[in-house]
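Undergrad: Sharing a sequence plus its predicted fold:
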Amino acid sequence: MTEPLFLEDAYLRTATARVVAADERGVVLDRTILYARSGGQPGDAGTLRWEGGEAAVAEAIKGEAGAILHTLAPGAALPQVGAEVTLDLDWARRHLHMRMHTTLHLLCSVMPGIFATGNQIGTQKSRLDFDLPEPPAKEWFNERLADLVAADHPTGTSWITDAELDANPQMVRTLSVQPPRGAGRVRLVRIGPQDAPIDLQPCGGTHVRSTGEIGRVEVSKLESKGRQNRRIHIVLPE
C-alpha cells in the first residue's frame, strides 16, 4: 500500500520515498505526493530521481491493494527495489487541477439538492453534469462563482466513518462516482467555515486552500446531454 501524502497536504511538491516494486508497468513507492487518477481528476505527473538515474512520471494511477503506480515512458530507466528516490511534482499542472476541482465543488454549492451525474477535470477546461431539466443561464453561474471566489472561503478536510456517511446520505452529491467504502472511514472536503460550510461532500481529490486562489473562472458553455442531463463547461481564463 502506498501512503498518499497528498491527502493531508496537497501543497507538497517534493518528497523522498522507497521503491517497493518496479517493472515495465511503472514504479510503486511506499509513499507519494502524486495523486492517482480517479473521480474525474487526472493522475499527477512528475519526475523520479535516484542515485545514478532519473525518469519522468507520465501519470500516477491506482494499482492493486492500495498501491499507486507511477507510470513511465516505454524504455525508461528503472530504480532498484529498495532504493531511495526523490519525487518531484509537476506543480503547474497539479495546481490547475486543484483550481478546477474546487470550482466544481462551488458549482455543487449553488445547486443545492441537485445531483451531479458526471465530471471531468482538465488543465484547459473541465465539466460537470447535473440531473437538471432546465439550468439557469451561464451568466447566472458566472455571477455566483465570481462572488464565491471573491469571498475567499477557506477549504479543509476531515474524516467520518462509513456509518456516519450512511446516516447522512445527502452529503453524497454525485450519482456517477460514489465515495470509496470498506476502509472504515471517508474523507470529506469542506468549503467555508466548519460551523457553516457552503459545501461539504466526500472527495479524495486535491483542492486549493481557499476559493480566492481559484482566480478568474468562467462557465463557457451549457449543453444538453439527455432529457435531464445538463453539462456545464468551465475554463480558467488568463
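TA: Sure, I can see it. Residues are numbered from 1 along each chain as shown.
Undergrad: buried ones in stretch 102-117?
TA: 102-111, 116-117 (16 or more other Cβ atoms under 10 Å). Using the backbone N, CA and C atoms, a C-beta is placed for each residue, glycine as well.
Undergrad: And for stretch 84-94?
TA: For stretch 84-94, by 16+ other Cβ under 10 Å, it's 85, 87-89, 91, 94.
Undergrad: re the thing from before, please flag which of the buried residues of stretch 102-117 sit within strands.
TA: 116-117 (DSSP state E).
Undergrad: Tabulate the buried residues of stretch 102-117 (CSV), appending distance to residue 28.
TA: Below are these laid out as CSV (distance: Cβ to Cβ, whole Å):
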residue, distance to residue 28
102, 29
103, 32
104, 29
105, 30
106, 35
107, 35
108, 33
109, 37
110, 40
111, 39
116, 32
117, 33
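Undergrad: mind giving me JSON lines with the buried residues of stretch 102-117 and columns for distance to residue 154 and pLDDT?
TA: Formatted as JSON lines, the buried residues of stretch 102-117 follow (distance: Cβ to Cβ, whole Å; pLDDT from 0 to 100):
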{"residue": "102", "distance to residue 154": "11", "pLDDT": "98"}
{"residue": "103", "distance to residue 154": "15", "pLDDT": "98"}
{"residue": "104", "distance to residue 154": "17", "pLDDT": "97"}
{"residue": "105", "distance to residue 154": "13", "pLDDT": "97"}
{"residue": "106", "distance to residue 154": "13", "pLDDT": "98"}
{"residue": "107", "distance to residue 154": "18", "pLDDT": "97"}
{"residue": "108", "distance to residue 154": "17", "pLDDT": "95"}
{"residue": "109", "distance to residue 154": "14", "pLDDT": "96"}
{"residue": "110", "distance to residue 154": "18", "pLDDT": "96"}
{"residue": "111", "distance to residue 154": "21", "pLDDT": "93"}
{"residue": "116", "distance to residue 154": "23", "pLDDT": "92"}
{"residue": "117", "distance to residue 154": "28", "pLDDT": "91"}
